[in-house]
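1. Could you work out the structure for the sequence below:
(chains A, B and C)
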Amino acid sequence: MSDKNNKITQAMPDGGLPRREFLKYSAAAATFAGAFSLGLPMPGWAEQATPKAGGTLRMGLAGGSTTDSRDPGTWADTFTFVGFSAVYNTLSEISVDGTAIPELAERWESTPDAKVWTFFLRQGVTFHDGKSLDAGDVVASIQHHLGEKSTSAAKTVLGDVAVVRAQDAATVVFELHSGNADFPYVVADYHLVIMPAKDGAADWQAGTGTGGYRLKHFEPGVRMDLVRSPDYWKPGRAHFASAELLSIADGAARVNALVTGQVDVINKVDLKTVALLKRNPQLVIEETKGAQHYTFPMLCDAAQFQDNNVRLALKHAIDRQALLTSVLYGYGQIGNDHPIQPGSRFINTALEQRVYDADKARFYLKQAGMDSLKVRLQASDAAYTGAVDASVLFKEQARKAGIDIDVVREPADGFFTNVWMKQPFTTSFWYSSLTADRMFSIGYAKGAAWNETHWDNPRFNQLLNAARGEMNAPLRQEMYNEMQALCRDDGGAIVPLFASSVAARSRRVMHGGVTAPYGELDGLRLIERWWQA
Amino acid sequence: MSLYTQLRRAPLSAKFGLLVILLYVLVALFAPLVAPFGETEVVGEGFAPWGGQFLLGTDNLGRDMFSRLVYGARNTLGIAFLTTVLAFALGGFCGLVAAIRGGWIDQGMSRVVDILMAIPQLIFALLILSVVGTTTTSLVLVIALLDATRVFRLSRAVAMSVVVQDFVEAARLRGEGLWWLVTREVLPNAAAPLIAEFGLRFCFVFLFISALSFLGLGIQPPTADWGSMVRDNAVLITFGDVSPLLPALAVALITVSVNFVVDWVLHKSSGLKEC
Amino acid sequence: MNSLCKLLAQRLALGLLSLLAVSVIIFLAVGMLPGDVAQAMLGQAATPETVAALRLQLGLDQPALTRFFHWGWQLLQGDLGVSLANQRPIAELIGARLGNTFSLALLAALVSVPLALLLGMLAALYRNSWFDRLLNTSALSAVSFPEFFVAYILILVFAVKLAWLPSISNLSPDASLGEVLERSLLPVLTLSLVVVAQMMRMTRASLINLLASPYIEMARLKGIGQARIIFRHALPNALAPIVNVVALNLAYLVVGVVVVEVVFVYPGLGQLLVDSVAKRDIPVVQACSLIFAATYILLNTSADVLSIASNPRLMHPKG
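-> Have a look, this model is predicted:
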């Protein structure tokens, strides 16, 4: 079933950064006002190798559906993400080093409290129909996702936005309800593409963008055909003459299409086959260390899990490394019971990794006044492929700690409506958020719509509010460090795994050697970044 | 002829079929004794090689492949048999009655069946299973109901050409009741195609379950069943891996065997003297 | 022939009634599914406000009965409505896919029906010979593997190893007829393998069943050859069950091929229907179901009429 219940469709190629990059960013943030326009001339676009122009990029992608549409508010999976990010541009772009760099906005600046953000638009950019880009288009495109009547998947991403207005033809101002130091990362969300305004509303029906490729043909759930736009404004990008996206839902069919040379790139490679694909000298596996993570949420207000010792016992009774090997075939990273992925610019590097320790689990059970524990885990593969397998493994591991987990399989259809957040112990997953703030705000803050553990930690909630508007990066990081420790030692979610996205390409196509650290297929932008060999 | 002599005179194919069926039934009945490990028990590292402690190696989670296959026999055969019997009891009986009674009973039942059959089987199953949930019970009932419509149609069609024959007419004139007509007059003369159908229907249940697994609604993990086991590993076929072949061969073997036996019974009941 | 026309008219009228019943059932069943199109579309990104807004926008706040009658009224005017999920006209959404589905079914039928009948007759003719046994065993083996398994094996042989045929049916808008045929060949082959066995076995079983009847015995005693007995004397009388099985399989080729569509990425109606069920897109589910139901009813009615026409005793029932 294609109905995967994407929990956060704002599944952004996460704007996480390696530690080193984080320092660079914080320096820029400190001096702020237009740091990007001054110091970093188009950092991501310069390529080392000389790309070859021409050819067709043929992709076989999972994540397309016959119910897809051209309306950016409805985009929910890889097929539309990848296809339309070649047709459209956004205000900012996440570059291959994970930073937000200018795209349609030439530069931006904010007030010191990070509440008012001003974006200065690039001049001379035209849409495919010849109309030139101005602030009205940007305002209409953003407003497409706002307002009471909006049904856009990006509505919550823009939850902070109070007003968006055109200051003049080339300047757009966002006023936020509360400060957000990460706002340039927010407008890089692939839902927030800039469409031409028609009578004050964004015209999504036409499929006309400012991107490197024109939409030639789009048959939802089947295919999308793109041809290169002759006058693309961005230098050193969009090398293929055309691109062909095929929606291939079946994993075996994708692999077959790649092996038999009918497509050049596939995504979501069945992990069982990765080792076998690697033997083929014509193919290259592209692993993107993911920010998508799997959780076992325990409801902190359920009688069974009210005592933190019980939660800690279960957190120690799971063998993360074994799960990584069995469920993800090693394609992922182990989690530390908080939602910030290893390698993110927000990660608390000093926090000790929790490991499988049956004795400690027993110790915490004793602390809670128990000799043994019997819990019911309601699992479903609606959360992720292998969720039931992972639960069965967890059951076997916890047995050694005197914990008896009764795994009950729930139907996938309706799992997130009827079971998740309603039953004490379930399976769940998260796409990562753009920023630590957003991840914590939607999944861990008191009263948040998707606080899947009903966790309420006053210190955590206080830190969350304080960090959001904090422009001093080192100070903010300190707060995030403490928040991660709180999640790990008090929170209700067991976070055993971060999953990688595994794609594969034929050697007929290539890229600059480095791909975007988060978001599959080079941060979903392979069409304009890759070229034929 | 005693049963023993009949068996002894059976053709080789039927003997082979009976032997295989007997073997499967024994394995299914005594699965816990045959299997060295539990159905869902994680007993070793993932992907252990064949031989040694694990006869057919282990699957990705480290569960013993051989034990899974053995338990799969129990689950798969049990479900398929139960479903087929239910479908034939319901569909076959209704079909015969419809043919014999005719009139509004026939019309009524035929229309209901027509309507049910007009809805694509897989879609209907998908809808119902989404509503009631994919438990083994609902799976059996839903597939049995859907299969019963097919059986109804066939048994009615076959019985129709029987009921117009003179001996049925004679029985009718004698004033025999419905039950007599069904069991004594029509069924014996309509049995052959029905038995042939039973063999195929029985096997179609496996296939239907694996098709449902393909769409994510079959027998759910961690329960071992051949249909889902084929599905789970089918992607490896392209790489020449044999592991998906094992459960598929298990299904194929039982299908061929059941139908060998069916053919034999069919042949005997057809009253053909020549060989 | 008059009675036949009457029968036909009667059956068609019943067919229309069945269609109505099908649409009611589908409407109710989709309505009973957990969640609605608004929740399914927004997925877990849904907030109460966006769901409410989307429901209002799609008219889901109307009572179910009102929506059903509205849909029925539109349909009577020849308007299938628009998809709730992406607002495209359903006629346009279905158009190309319907053609694909029917051409796939037609090709598969052209291959499988003559083949099945021929093999069935040959098997009956040479019954219990090694030829019969071989045919029977291979047909059974073919039918005992799941469709997707057969498909993957064919792909392994013809696409991966031999590289004769493409593994997916990439029916691009500008493909020529030859290309379309080439790209449809593997799905056609898979489907043929799947349906041949049942039709063949029914042909054989029905024929053999008849071979025991007195009139065949009579013919045989008169010294008529085996082949002639089968083709001239047995076959016409065995038509009823054969026609029925053929009709069932033809219907299957149209409505039951979603798995083959998925494996070969063939853009047919089945995939659209499954996707629409997942998204609770009722108008699309309704439209597809009606097309499938109509196909089935037509084939079924033809089978009935044919089997009645082939049996004089049914044509002119006594009393």
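2. make it CA atoms for all contacts and neighbour counts henceforth
-> OK.
3. Quickly note the distance from the residue of chain A found nearest chain B to A:Q167.
-> With Cα to the nearest Cα, the shortest gap between chain A and chain B falls at A:A252, namely 4.7 Å. Per Cα to Cα, to the nearest Å, A:A252 is found 52 Å from A:Q167.
4. what about the two, which has more around it?
-> Neighbours per residue (other Cα atoms under 10 Å in any protein chain shown) separate A:A252 from A:Q167, with A:A252 holding more: 23 against 14.
5. give me the number of residues near the residue in chain C that chain B sits nearest to?
-> Nearest to chain B in chain C, going by Cα to the nearest Cα, is C:A293, at a distance of 4.4 Å. By other Cα under 10 Å, the residues close to C:A293 number 26.
6. quick one: it and B:I123 touch, right?
-> No. With contacts counted by Cα atoms under 8 Å, C:A293 stays clear of B:I123, the gap being 11.5 Å.
7. so what's the closest residue to chain C within the stretch 51-200 of chain B up against?
-> The nearest approach of the stretch 51-200 of chain B to chain C comes at B:A118, 4.4 Å away (Cα to the nearest Cα). For B:A118, the contact set (Cα atoms under 8 Å, 6 or more residues apart in numbering or on different chains) comprises C:22, C:292-294, C:296-297.
8. repeat that for 7 Å
-> Residues near B:A118 by Cα atoms under 7 Å, 6 or more residues apart in numbering or on different chains: C:293, C:296-297.
9. is chain C contacted by the host helix or strand of the residue of chain A closest to chain B?
-> Of the helices and strands defined by DSSP states H and E, A:A252 is found in helix A:251-259. Yes. Legend: contact between helix A:251-259 and chain C by Cα under 7 Å from any Cα of the partner chain is shown at A:253, A:256-257.
10. out of those residues, who has the most neighbours?
-> A:A257 (27 neighbours).
11. Write out the residues of the stretch 201-319 of chain C neighbouring chain B.
-> Going by Cα under 7 Å from any Cα, the residues of the stretch 201-319 of chain C near chain B are C:205-206, C:209, C:212, C:241, C:255-256, C:259, C:289, C:292-293, C:296-297, C:313.
12. And these, which is closest to chain A?
-> Of all those, chain A sits closest to C:V259, with 9.6 Å by Cα to the nearest Cα.
13. one step back: where does the residue lying closest to the residue of chain A closest to chain B once chain neighbours are set aside fall, phi/psi-wise?
-> Closest residue to A:A252 apart from its sequence neighbours, by Cα to Cα, 6 or more residues apart in numbering or on different chains: B:V235 at 4.7 Å. Dihedral pair for B:V235: phi -60, psi -20, per degrees, to the nearest 10.
14. do you know how far B:V235 is from C:F148?
-> Taken as Cα to Cα, the span from B:V235 to C:F148 is 10 Å.
15. Near chain A, which residues of chain C? Just list them.
-> Applying Cα under 7 Å from any Cα, we find that chain C lies next to chain A at C:34-35, C:42-45, C:50, C:53-54, C:85-86, C:159-160, C:167-168, C:262-265, C:267, C:272, C:275-276, C:278-279.
16. Which of those fall within strands?
-> Among those, no residue falls in strands (DSSP state E).
17. Filter the residues you listed down to the buried ones.
-> Neighbour counting with 16 or more other Cα atoms under 10 Å in any protein chain shown marks C:34-35, C:42-45, C:50, C:53-54, C:85-86, C:159-160, C:167-168, C:262-265, C:267, C:272, C:275-276, C:278-279 as buried within the residues of chain C next to chain A.
18. picking up where we left off before, so where does the residue of chain C closest to chain B fall, helix or strand?
-> Assigned by DSSP H and E, C:A293 falls within helix C:282-309.
19. Mind giving me the packing neighbours of that helix?
-> Contact partners of helix C:282-309 among helices and strands, from 3 or more Cα pairs under 7 Å, 6 or more residues apart in numbering or on different chains; DSSP states H and E: helix B:103-118, helix C:2-32, helix C:235-255, helix C:269-278, helix C:312-315.
20. Let me see the mean pLDDT of stretch A:210-220.
-> The average pLDDT for stretch A:210-220 rounds to 90.
21. So it, near chain C or not?
-> No. On the criterion Cα under 7 Å from any Cα, stretch A:210-220 is out of touch with chain C, staying 8.7 Å away.
22. Surely A:L146 touches A:A154?
-> No. Using Cα atoms under 7 Å, A:L146 makes no contact with A:A154, being 8.5 Å away.
23. Show me which of the two is the more surrounded one.
-> Between A:L146 and A:A154, A:A154 has the larger neighbour count (other Cα under 10 Å), namely 26 against 22.
24. ok, A:G386 touching A:V327?
-> Yes. Contact status for A:G386 versus A:V327: in contact at 6.1 Å, counting by Cα under 7 Å.
25. Which one's more surrounded, these two?
-> Remark: of A:G386 and A:V327, A:V327 carries more neighbours, 23 against 17, as counted by other Cα under 10 Å.
26. how about that one, what does it touch?
-> Neighbouring residues of A:V327 by Cα under 7 Å, 6+ apart: A:386, A:390.
27. Give me the buried positions along the helix or strand that contains it.
-> In the assignment (DSSP H and E), A:V327 maps to helix A:320-328. Going by neighbour count (16+ other Cα under 10 Å), the buried part of helix A:320-328 is A:320-328.
28. so which of those residues would you say is closest to B:L82?
-> Nearest to B:L82 out of the buried residues of helix A:320-328 is A:V327 (Cα to Cα; 33.7 Å).
29. Could you check how far that closest one is from chain C?
-> Here A:V327 is placed at a distance of 23 Å from chain C (Cα to the nearest Cα, to the nearest Å).
30. ok and the one helix or strand A:D389 maps to relative to helix A:320-328, angle-wise?
-> Taking DSSP H and E as the definition, A:D389 sits inside helix A:387-399. Here helix A:387-399 runs at an angle of 160 degrees relative to helix A:320-328 (axes from the mean of the first three to the mean of the last three Cα atoms, to 10 degrees).
31. Might one say that A:D77 is in contact with A:G63?
-> Yes. The pair A:D77 and A:G63 passes the contact test of Cα under 7 Å, sitting 5.1 Å apart.
32. Between the two ends of stretch C:207-227, what distance do you get?
-> Taking Cα to Cα, stretch C:207-227 runs 12 Å from one end to the other.
33. Any chance of JSON lines for the contacts of B:A118, columns distance to C:P114 and pLDDT?
-> Shown next, in JSON lines, are the contacts of B:A118 (distance: Cα to Cα, whole Å; pLDDT from 0 to 100):
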{"residue": "C:A293", "distance to C:P114": "25", "pLDDT": "86"}
{"residue": "C:Y296", "distance to C:P114": "20", "pLDDT": "85"}
{"residue": "C:I297", "distance to C:P114": "22", "pLDDT": "84"}
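34. any idea which helix is longest in chain A?
-> If you go by DSSP state H, chain A has its longest helix at helix A:473-490.
35. ok, and for that one, which residues are buried?
-> Residues of helix A:473-490 classed as buried by neighbour count (16+ other Cα under 10 Å): A:473, A:476-477, A:479-490.
36. repeat for stretch A:388-407
-> The neighbour-count check on stretch A:388-407 (16+ other Cα under 10 Å) flags A:388-399, A:401-405, A:407 as buried.
37. what residues are up against residue 260?
-> Assuming you mean chain A. C:159-160.
38. right idea, wrong chain: chain C
-> By Cα under 7 Å, 6+ apart, the contact set of C:V260 is C:147-148, C:187.
39. Of these - the most surrounded one?
-> C:P187 (27 neighbours).
40. got a pLDDT number for that residue?
-> Note on C:P187: pLDDT of 90.
41. and what of A:P281?
-> pLDDT for A:P281: 88.
42. how about it, secondary structure?
-> Using DSSP: H, G, I helix; E, B strand; the rest coil, the structure places A:P281 in coil.
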